[in-house]
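In: Give me a 3D structure for the following:
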Amino acid sequence: MISALNRSSHRCRVYIIWTSILIAILALLAGCGQASQVQSELPKTDQAGKAVPSLTLDPTAAARLPLTNRSFLMGTAGYVPRHYPDPSEEDWTEFFREGAAAYGGLFGVHVNPGDDPGTDGIPQQVALAFENMSGIEPYVAFAVNHEEGPFTVEQGEQLMQAAVATAERYHPRFLSLGVESNSLYLFEPDSFDLYVQYAREIYDAVKTVSPDTLIMNNFQLERMMGKTALTGQDFPPHWELISQFEGKIDLVSFTVYPFLHYQTPREIPADYLQEIREHTDLPLMITETGWPTKPTASGVSGSEEDQTAFLLKLVRQADDLDAAAVIWVFPHDAEFRIAGGIFDSISLRTNEGAPKTAFSYWQALLSLPTR
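Out: Purely as a prediction, here's the structure:
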């Protein structure tokens, strides 16, 4: 099984649209005008003749929610349309028009700052989202972690250029200067101080061109807690990292995957997220989360019932902390082959686009008033 400690590099490869795929999507959108200009009615079958499932939802889900209103915005992350990694043109069109928007108003573009940049330093995946997605607000998380080795001055300059150019052109509401950046601290500790130095300088530079953009840094929560028993790796808690960005972040964000430590949602403490408040009063954002609907080799239970139970427990706790946003990872299932396949069934919809049980609850949450 691929260690959960190595899964982030594989996951980032899924988030990133490689050049050949990017060109194909841009050609498709050019042929359609803009995604929002495509015909409003979806076809009954896609280009390959595969049936397009109906999003028939459970009308009783709303009555079983643990909330009557919510603090948090909602959305998803990752360029994963139906039938990924072999989507049709219709699948891509549906994804840009409403497939991602079905999760709420936010869409996460998690990308390495130096991947496929335009002449202004903005990665093409970022421009693709802001200029072509319909009915949704992209946010950007630039991946800074240990997979490429120690953090270097060159990487710092790439991050500076990408972040400032993105902020100046698009003025995103949320901008993260890392994805699970505590992995850099754990695996390349000698370069972490240089990263912090750049992150603090970039904060000021971004605020100069886009003062309303909320800047955050992102950490992997279970690693930070020291709760990764099912990965076969032990980490000491390292909450002190948050203070290194003091005064230069507006929010603190986390990827939240309790299945790195707990085998069932029932084992997750009712105050699981409350530990965050013992270490910071900053506003909170969850940029990735999920629970699989298939059992895993590490002993994690996986079913639609378990996924629903996790979702309801998570949103109750996130709301108690007045979270700014909750992002469910991946719009559709696919074979990612990450950590022994644990992410292959983590979406709220199947690879064909059919909703799972928890998707009804997600839609019911979307209908709640926000405060």
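In: switch to C-alpha atoms for all contacts and neighbour counts from now on
Out: Fine.
In: okay, and for the stretch 1-150 of the chain, where does confidence drop off?
Out: Low-confidence segments of the stretch 1-150 of the chain, defined by pLDDT under 70: 1-56.
In: so where do the strands sit in the stretch 251-371 of the chain?
Out: 251-256, 284-289, 325-329 (DSSP state E, counting those that start in this stretch).
In: Can you check which of these gets nearest to A167?
Out: Checking these against A167 by CA to CA gives strand 251-256 as the closest, at 16.4 Å.
In: Report all helices and strands that the closest one contacts.
Out: Strand 251-256 sits against strand 214-220, helix 221-225, strand 284-289, with contacts defined as 3 or more CA pairs under 8 Å, 6 or more residues apart in numbering; DSSP states H and E.
In: who does it pair up with?
Out: Paired neighbours of strand 251-256 in the sheet (DSSP bridges): strand 214-220 (parallel), strand 284-289 (parallel).
In: Would you convert those into TSV that also reports mean neighbour count?
Out: Output for the strands paired with strand 251-256, formatted as TSV (neighbours: other CA atoms under 10 Å):
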stretch	mean neighbour count
strand 214-220	24
strand 284-289	24
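In: Using JSON lines, please lay out those strands together with mean pLDDT.
Out: Listed next are the strands paired with strand 251-256 as JSON lines, based on pLDDT from 0 to 100:
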{"stretch": "strand 214-220", "mean pLDDT": "98"}
{"stretch": "strand 284-289", "mean pLDDT": "98"}
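In: about what we covered before: make JSON lines out of the helices and strands packed on strand 251-256 and add distance to F310.
Out: Listed next are those as JSON lines, based on distance: least, CA to CA, whole Å:
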{"stretch": "strand 214-220", "distance to F310": "18"}
{"stretch": "helix 221-225", "distance to F310": "15"}
{"stretch": "strand 284-289", "distance to F310": "10"}
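In: Of all the ones you listed, which one comes closest to S303?
Out: Taking CA to CA, strand 284-289 is the member of the helices and strands packed on strand 251-256 nearest to S303, at 15.9 Å.
In: picking up where we left off before, in CSV: the strands of the stretch 251-371 of the chain, plus distance to D115.
Out: Formatted as CSV, the strands of the stretch 251-371 of the chain follow (distance: least, CA to CA, whole Å):
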stretch, distance to D115
strand 251-256, 22
strand 284-289, 20
strand 325-329, 21
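In: wait, what's in contact with R316?
Out: For R316, the contacting residues are 66-67, by CA atoms under 8 Å, 6 or more residues apart in numbering.
In: Check the gap between it and P113 for me.
Out: R316 sits 34 Å away from P113, going by CA to CA, to the nearest Å.
In: who's the closest residue to Y257 other than its chain neighbours bridged to?
Out: In space, Y257 comes closest to T289 once its chain neighbours are excluded; the distance is 5.8 Å by CA to CA, 6 or more residues apart in numbering. With DSSP bridges as the criterion, T289 is bridged to V256.
In: Just want to check the distance between T289 and Y103.
Out: Noted for T289: a distance of 13 Å to Y103, by CA to CA.
In: joint contacts of these two?
Out: Here T289 and Y103 share the contacting residues W328, scored by CA under 8 Å, 6+ apart.
In: Helices along the protein, start to end?
Out: Using DSSP state H, the helices of the chain run over residues 7-15, 19-32, 89-94, 124-132, 153-170, 182-187, 192-209, 221-225, 304-320, 357-366.
In: Nearest to R70, out of those helices?
Out: Judging the helices of the chain by CA to CA, what sits closest to R70 is helix 304-320, at 6.1 Å.
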